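Asks: next come a sequence and a model predicted from it.
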There are 2 protein chains.
Amino acid sequence: MPSLRQDIATRTWSIIATERGQRPHDFKKTGVRPRVESYDAKCPFCPGNESLTPDPVFVVPDRGDPERWAVRVVPNKFPALVVPEAGIERRRKRKGLYLEMCGCGTHEVVIEVPDHSKTIATMTDEEVELIVRTYRDRFLELDKADWNQLIIIFRNQGEGAGTSLVHPHSQIIGTPIVPDEIRRRLEEAQRYFDDNGTCVYCDILDYELKEKERLVCANDGFAVICPFASTVPYEMWILPRNHASSFGELDDDGIGDLAGILRESLLRLYHLLDNPDYNYILRSAPHYSAGEPHFHWYVQVLPRLTKRAGFEIGSGMNINVVVPENAAAELRKVQMV
Amino acid sequence: MPSLRQDIATRTWSIIATERGQRPHDFKKTGVRPRVESYDAKCPFCPGNESLTPDPVFVVPDRGDPERWAVRVVPNKFPALVVPEAGIERRRKRKGLYLEMCGCGTHEVVIEVPDHSKTIATMTDEEVELIVRTYRDRFLELDKADWNQLIIIFRNQGEGAGTSLVHPHSQIIGTPIVPDEIRRRLEEAQRYFDDNGTCVYCDILDYELKEKERLVCANDGFAVICPFASTVPYEMWILPRNHASSFGELDDDGIGDLAGILRESLLRLYHLLDNPDYNYILRSAPHYSAGEPHFHWYVQVLPRLTKRAGFEIGSGMNINVVVPENAAAELRKVQMV
């Protein structure tokens, strides 16, 4: 019998439908996958091809050879939103019956490592730490611009997750508005705080650390769970153990902890499902809600194993064919070498 | 320069980013596509294989030969939601910190035609009329069950749209709750009605019929537009010209008009983009909002030409790379034979 489960943080429901009883091997990709080499002469993100991208806005030099880069951040060549030349005009323009505003914002690409063939799961902790530090530093920088109200850091891994470039990279987009979906999340968290006097994410964290059946792994700074109302099979939330609404509050210890746990959770996924496509999204409070007691930043990992179809689009409700407790148990069991 | 556009019906924003200047041919599938035959001996939906599906709940007999079926509706073999055996238990159950309820509802498959190779665009008007009539009749029937609060009729065309079965079919799901995304749509429409005294969809319809730049086609009962804040390239809304909040209100004249315009819009898409994958969703008011003056049912057609990635999931805002006015102009220009 399927069940409906509520995400208490957003009050959205997911359908957990397990009639098909799918197991990890049902989700593994079939067919031979092409071997990815460490260097691709035609890749715009590979070392030596720097002229194929716009000039970098941020570079982390290689520790051993300062002439080379370890992480490189460039403006997106085809930006969804662009830095305004003369400040932002927030006032909406009437366009007949409708409303429009200029597409101001920021759209950057984080080229994570020089090596074309890596992915977070197969990087060293040190490499991932440089990436996380870059996220934090760019977050703080972009958060200063008055045309960015919300900063979204995300990673699309594999074609099924919407990327066309193989070279390991993430993206950072600053939007000039707080989208209504984000506002709704904040409102629901606020309502929970009003009713309970506590942050809903802190409560989830305490509960899951105690219950353990949906816990995947944890370290000093973070815990990883498969959320109770997971929207897709093997969804994971990486939650900081100390309350903080904005990712910008992450300190140097936290950077190391996040890098370690991000790599560990993605490596578990990599082994269990044979390097699946996924998105991860760093969900942080918008600029004007930083410091609020009711919101809590976290990283949402969404493997792309099933397709969103008419029902999911039409209802806003997902059908998830793997019970989150089973997903967590399988992720826990992965042998870490 | 990209722009942000607001959907005044839902108050969500889309980013219209046209830096890549994509044209219809950029979206056409590459590679040789396998020819689909009219009959597939292994297909559970093909005539002769009726024993491979659960018993039908509704059958439209073939006009020429009443021994054969023209449309066949069966319960989904792997249902997301199931008809409860002893009425619905609406009260949520506490599960520790969380809430859960039984997965009651209805999940049916509409096998649209006996011919394995057809799609709405290549059917006759008479065939599409039987499908639309089936939708209406099943809608009215399922709407009576107290475990269905919202009925969603949808069609997933092609693998990219989330279907694994080639044989032409649609699905009908009745959900035991009104998902929060649907409730939000209703609230926004209600708010517009409170402010203006008119239905927002009626206002959009009047405006687009007058402006014409986003109009694709129209007949006596319906008009098709590319909405101002289209979420994906070549999105279309098929709007009934007379106000009605529930699809159940569609009368016999309306069935013919909807069949004609549904086939025409999908045929325009078929020719322009070479039979692209798409979802369509029949968006109707939930049971308890039928008859409301502020909501208006319609069919949303969403071609699956680009992938939803980390940003779209993380912000709830879409990036659309084709200007809706250009999409409408190209769809209008398609030569209809």
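Replies: That came in fine, so what should we check first? Residues are numbered from 1 along each chain as shown, chains lettered A, B, ... in the order given.

Asks: the stretch 51-200 of chain A: helices as residue ranges?
Replies: A:125-142, A:180-196, A:200-211 (DSSP state H, counting those that start in this stretch).

Asks: can you give me the strands in the stretch 1-150 of chain A?
Replies: Secondary structure of the stretch 1-150 of chain A (DSSP state E, counting those that start in this stretch): strands at A:3-7, A:12-16, A:58-61, A:69-75, A:93-95, A:98-102, A:106-111, A:150-157.

Asks: of those strands, which stretch is the most buried?
Replies: strand A:150-157 (a mean of 26; mean count of other Cβ atoms under 10 Å in any protein chain shown). Quick note: C-beta positions are derived from backbone N, CA and C, even for glycine.

Asks: near chain B at all, that strand?
Replies: Yes: for strand A:150-157, a contact with chain B is found by Cβ under 8 Å from any Cβ of the partner chain, at A:150, A:152, A:154-156.

Asks: would you check that A:Cys226 makes contact with A:Ala328?
Replies: Yes: using Cβ atoms under 8 Å, A:Cys226 makes contact with A:Ala328 at a distance of 4.2 Å.

Asks: would you mind giving the strands of the stretch 1-150 of chain A as JSON lines with mean pLDDT and distance to B:Ser38 added?
Replies: As requested, the strands of the stretch 1-150 of chain A are exported to JSON lines (pLDDT from 0 to 100; distance: least, Cβ to Cβ, whole Å):
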{"stretch": "strand A:3-7", "mean pLDDT": "96", "distance to B:Ser38": "40"}
{"stretch": "strand A:12-16", "mean pLDDT": "96", "distance to B:Ser38": "35"}
{"stretch": "strand A:58-61", "mean pLDDT": "98", "distance to B:Ser38": "58"}
{"stretch": "strand A:69-75", "mean pLDDT": "98", "distance to B:Ser38": "52"}
{"stretch": "strand A:93-95", "mean pLDDT": "93", "distance to B:Ser38": "48"}
{"stretch": "strand A:98-102", "mean pLDDT": "95", "distance to B:Ser38": "45"}
{"stretch": "strand A:106-111", "mean pLDDT": "98", "distance to B:Ser38": "48"}
{"stretch": "strand A:150-157", "mean pLDDT": "98", "distance to B:Ser38": "39"}
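
Asks: can you list those in TSV and add distance to A:Ile131?
Replies: Output for these, formatted as TSV (distance: least, Cβ to Cβ, whole Å):
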stretch	distance to A:Ile131
strand A:3-7	28
strand A:12-16	30
strand A:58-61	9
strand A:69-75	6
strand A:93-95	38
strand A:98-102	31
strand A:106-111	7
strand A:150-157	9
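
Asks: so which of those comes closest to B:Met236?
Replies: Smallest distance to B:Met236 across the strands of the stretch 1-150 of chain A (Cβ to Cβ): 17.1 Å, for strand A:98-102.

Asks: paired strands for the closest one, with orientation please.
Replies: Sheet pairing of strand A:98-102 (DSSP bridges) gives strand A:93-95 (antiparallel), strand B:3-7 (antiparallel).

Asks: quick one, which of those strands gets closest to B:Pro276.
Replies: Comparing the strands paired with strand A:98-102 by Cβ to Cβ, strand B:3-7 comes nearest, at 22.4 Å.
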